[in-house]
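# Got a predicted structure plus its sequence, pasted below:
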Amino acid sequence: MKLFKQTVTFLSVVLTLTCSAQDPDRKHGIGLYQNFTDYNVRLLDNELFAFDSSLSHSTRIAYQRKLSRTWMLSTGIANGFILNQNIKEEFISKAYALGLDVSVRFKLNNGRILKENPLIAPYFTFGYRTDYIPKMNDFGKSPWVFHNQYGAGFNFRLSNRTHFLIQAAIDQKLLGDFNTQLQYRMGLSQSLGRLDDKGPKIKQMDSDRDGIADALDKCPTQFGTKDMGGCPDTLAQFAHKIVVDSLEYLLNAKSSELELKELELARVRNSIGNDSVSLEEKLQVKQIKEAKDKEIAELKQQLENQKGKTVTTVDTIYITETVYKVQEVDSSSRVEERQRLAAEKKALQEKLDKERKLREQMLAAAKEKERLALEEERRIKEENRRLAMLEQRRKDSIANIKKQEVEFPPIPEDKNYYVITISSPNKYTADKWLQKMLRDFDDARIIPQPNGYYRVGVYVGKDRAVGLEILEKVKQIGYDPAWLSVE
């Protein structure tokens with residue numbers, strides 16, 4: 001045992017010292033934990049903690065596999081001992097147990113509820129566990145015990161890849177008396193593997209270069225804005241196109257006018273000859289051409305400035321969004337028209353949002369009504385099945401009692417029938433068990449034995465039928481190991 005503890009300590013230190021950079025994309029991990037199982041727990045009586053001499057412990061080694069940002073698979077093997085338990089009239093102070101378990105975790109640090117690598121990461125867990133207890137073979141019982149588990153826990157980040165875990169889970173026994181237990185777990189977990197940092201990741205690609213990743217872009221091939229989900233703002237594009245088209249129209253008109261002037265000048269030259277044109281006319285034509293060229297150059301510059309208008313960058317938490325700054329049009333009518341269109345667009349969007357919310361509410365209400373109807377139907381069927389089983393048990397018990405009354409003769413005058421629920425050499429255990437019995441049986445008592453044991457009985461009398469009836473009631477409540485004794 002000392003060598004085992006030293007090995008566990010060495011592994012814990014190695015896990016802590018091998019920490020390096022953590023990334024949410026690492027999918028594999030291992031863990032080393034200590035389990036504590038509290039058997040004397042009664043949830044219905046609000047007894048959530050006992051921590052008495054029956055508190056058992058085991059060491060668990062686990063493998064963890066990330067399924068998605070929200071879900072994680074955890075499986076492990078545990079090695080330990082069960083302490084101070086009673087099986088019928090026998091008391092077991094210590095029994096070896098080997099456990100296997102598999103569970104699924106729902107992580108709240110999934111990037112939507114909490115960030116993916118916080119200092120404290122809560123989670124919920126549910127799964128199944130089985131224990132192999134060889135000692136059970138000595139009492140004619142199966143050594144396999146099966147449970148389902150459901151609970152919650154926290155991961156505390158010690159470094160980028162190492163976490164300290166604390167968890168509490170309810171164990172529900174699947175066979176026999178369906179007892180509930182509480183299991184507490186604490187220990188270390190370590191992420192494994194390396195990341196390939198070469199090249200960009202697919203989720204960060206931005207095909208239209210609008211600053212919104214393709215994975216989040218509703219229109220990945222069209223330049224858009226964050227407010228529009230990555231799609232173009234049609235109103236802004238329309239206003240921008242009006243300005244560009246107007247400048248192109250003026251440029252084409254001026255170019256056509258200049259071409260007409262040049263054609264007219266060429267026609268005049270051809271008609272009277274170059275020598276007949278006066279110097280004054282030549283200067284006049286040259287001035288007109290230079291003025292037109294200058295005007296056309298200014299229009300071209302305005303058009304280039306508008307087409308290549310600078311952009312503004314808006315920083316967000318995850319991405320950089322790039323949007324066009326549309327040039328304001330001086331015309332008051334165009335400004336009013338844009339405002340009117342924007343108001344109509346906003347009103348239409350609000351109307352669509354209201355209709356969508358109303359449809360979602362109606363759908364949710366219909367689903368909830370259907371769910372409640374199904375639950376009520378299942379509850380009624382289960383209740384009818386339970387009542388039928390109880391009625392059949394009652395009939396079988398009455399028939400058995402009548403049969404036994406015929407088969408068994410009366411006991412001697414100095415003997416009595418006893419309904420015994422436990423026999424233990426530990427007076428403290430017997431006292432605790434007596435308190436439980438008194439909740440359901442007012443005549444419960446401790447019966448000392450000559451061999452040093454303490455029995456807890458709930459009936460003493462001459463009537464075998466009454467004793468068998470009380471014994472059946474004890475087993476129906478959940479104390480299956482009880483038996484009828486003649487002493």
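Looks like it arrived, so ask away. Bear in mind the structure is a predicted one, so any value in this text is a computation, not a measurement.
# so residue 219, which of the three states?
Under DSSP: H, G, I helix; E, B strand; the rest coil, the three-state class of residue 219 is coil.
# is it true that it touches residue 230?
Yes - look at residue 219 against residue 230 with Cβ atoms under 8 Å: they come within range, at 5.3 Å. C-beta coordinates here come from the backbone N, C-alpha and C atoms, glycine included.
# what sits in contact with each of the two?
residue 208 (Cβ atoms under 8 Å, 6 or more residues apart in numbering).
# neighbour count winner among the two?
Shown here are residue 219 and residue 230; by other Cβ atoms under 10 Å, residue 230 has more neighbours (24 against 16).
# next structured bit after the longest helix anywhere in the chain?
In the chain, taking DSSP state H as the definition, the longest helix is helix 332-407. Counting by DSSP states H and E, the next helix or strand C-terminal to helix 332-407 is strand 417-424.
# List the neighbouring strands of that following strand plus their orientation.
strand 454-461 (antiparallel), strand 483-486 (antiparallel) (DSSP bridges).
# Next, format the ones you listed as JSON lines and append mean neighbour count and distance to residue 67.
Output for those, formatted as JSON lines (neighbours: other Cβ atoms under 10 Å; distance: least, Cβ to Cβ, whole Å):
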{"stretch": "strand 454-461", "mean neighbour count": "21", "distance to residue 67": "49"}
{"stretch": "strand 483-486", "mean neighbour count": "14", "distance to residue 67": "48"}
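# Specify the local secondary structure of the residue nearest the centre of the chain.
Centroid-nearest residue in the chain, with Cα atoms, centre = their mean: residue 106, separated by 3.0 Å. Classification of residue 106 by three-state DSSP places it in strand.
# Hmm, residue 74 and it touching each other?
No - Residue 106 is beyond contact range of residue 74, at 11.7 Å (criterion: Cβ under 8 Å).
# what touches both of those two?
Common neighbours of residue 106 and residue 74 (Cβ under 8 Å, 6+ apart) are residue 125.
# what's the helix or strand hosting residue 101 packed up against?
Residue 101 belongs to strand 90-107 when elements are defined using DSSP H and E. Contacts defined by 3 or more Cβ pairs under 8 Å, 6 or more residues apart in numbering; DSSP states H and E place strand 90-107 against strand 56-66, strand 71-87, strand 120-132, strand 417-424.
# For it, which strands pair with it and how are they oriented?
Applying DSSP bridges, strand 90-107 is found paired with strand 71-87 (antiparallel), strand 120-132 (antiparallel).
# Lowest average pLDDT across those?
Lowest mean pLDDT within these: strand 71-87, a mean of 85.
# what's the spacing between that strand and its chain's center?
In this view, strand 71-87 has its centroid 24 Å away from the chain centroid, taken as Cα atoms, centre = their mean, to the nearest Å.
# Make TSV from the strands paired with strand 90-107 and add distance to residue 336 to it.
Output for these, formatted as TSV (distance: least, Cβ to Cβ, whole Å):
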stretch	distance to residue 336
strand 71-87	54
strand 120-132	54
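# and the ones you listed as a markdown table, adding distance to residue 114 and mean neighbour count?
Shown next, in a markdown table, are those (distance: least, Cβ to Cβ, whole Å; neighbours: other Cβ atoms under 10 Å):
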| stretch | distance to residue 114 | mean neighbour count |
| --- | --- | --- |
| strand 71-87 | 14 | 17 |
| strand 120-132 | 7 | 17 |
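# To residue 210, which of those strands lies closest?
strand 71-87 (32.3 Å; Cβ to Cβ).
# the inter-axis angle of the closest one versus strand 56-66?
Angle, strand 71-87 to strand 56-66, by axes from the mean of the first three to the mean of the last three Cα atoms, to 10 degrees: 160 degrees.
# mean confidence for the strand holding residue 101?
Strand 90-107 shows a mean pLDDT of 86.
# circling back: and the strands paired with strand 417-424 as TSV, adding distance to residue 421 and mean pLDDT?
Converted to TSV, those look like this (distance: least, Cβ to Cβ, whole Å; pLDDT from 0 to 100):
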stretch	distance to residue 421	mean pLDDT
strand 454-461	5	87
strand 483-486	9	84
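# export those strands to JSON lines and tack on distance to residue 224?
Below are the strands paired with strand 417-424 laid out as JSON lines (distance: least, Cβ to Cβ, whole Å):
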{"stretch": "strand 454-461", "distance to residue 224": "76"}
{"stretch": "strand 483-486", "distance to residue 224": "78"}
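# which one of these lies closest to residue 440?
Taking the strands paired with strand 417-424 one by one with Cβ to Cβ, strand 454-461 is closest: 8.0 Å.
# Run the chain-centre distance for that closest one.
The mean C-alpha position of strand 454-461 is separated from the chain mean by 50 Å, Cα atoms, centre = their mean.
# which other residues reach it?
Contacts of strand 454-461 (Cβ under 8 Å, 6+ apart): 89, 416-427, 430, 433-434, 437, 441, 443-449, 466-467, 470-471, 474, 482.
# what pairs with residue 120 across the strands?
Under the criterion used (DSSP bridges), residue 120 bridges to residue 156.
# OK, contacts around it?
Here residue 120 is in contact with 154, 155, 156, 157 (Cβ under 8 Å, 6+ apart).
# Equivalent analysis for residue 153, please.
When contacts are counted by Cβ under 8 Å, 6+ apart, residue 153 is found next to 122, 123, 125, 165, 166, 167, 168, 169, 185.
# circling back: which members of the contacts of residue 120 are the farthest-apart pair?
154 and 157 (10.4 Å).
# Spell out which residues are contacts of both of these two.
120, 121.
# hang on, the earlier thing: need the contacts of residue 153 in CSV (columns: distance to residue 356).
Output for the contacts of residue 153, formatted as CSV (distance: Cβ to Cβ, whole Å):
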residue, distance to residue 356
122, 32
123, 32
125, 35
165, 42
166, 42
167, 40
168, 41
169, 40
185, 44
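# Relative to residue 295, which of those is nearest.
residue 122 (70.4 Å).
# residues contacting the closest one?
Residue 122 touches 108, 109, 114, 152, 153, 154, 155, counting by Cβ under 8 Å, 6+ apart.
# Need the per-residue pLDDT for the fourth one.
Yep, that's residue 152 we're talking about. So, for residue 152, pLDDT stands at 93.
# part of a helix, is residue 467?
Yes - with three-state DSSP as the criterion, residue 467 is located in a helix.
# Quick check: chain neighbours aside, which residue is closest to it?
residue 417 (4.0 Å; Cβ to Cβ, 6 or more residues apart in numbering).
# Give me the distance between the strand or helix carrying residue 182 and the centre of its chain.
Applying DSSP H and E as the criterion places residue 182 in strand 180-192. Offset of strand 180-192 from its chain centre (Cα atoms, centre = their mean): 18 Å.
# what does stretch 473-487 give?
For stretch 473-487, the separation from the chain centroid amounts to 44 Å (computed by Cα atoms, centre = their mean).
# Using CSV, write out every CA atom in it.
The C-alpha trace of stretch 473-487 is given here as CSV (Å, rounded to 0.1, in the frame of the first residue of the first chain):
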residue,chain,number,x,y,z
LYS,A,473,-43.8,-5.2,4.5
VAL,A,474,-40.2,-4.8,5.5
LYS,A,475,-39.0,-6.1,2.1
GLN,A,476,-41.5,-3.9,0.2
ILE,A,477,-40.1,-0.9,1.9
GLY,A,478,-36.7,-1.8,0.6
TYR,A,479,-34.9,-3.8,3.4
ASP,A,480,-34.5,-6.9,1.4
PRO,A,481,-32.0,-8.7,3.6
ALA,A,482,-34.5,-9.1,6.5
TRP,A,483,-35.5,-12.6,7.7
LEU,A,484,-37.8,-14.5,10.1
SER,A,485,-36.1,-16.2,13.0
VAL,A,486,-37.4,-18.6,15.7
GLU,A,487,-35.6,-18.2,19.1
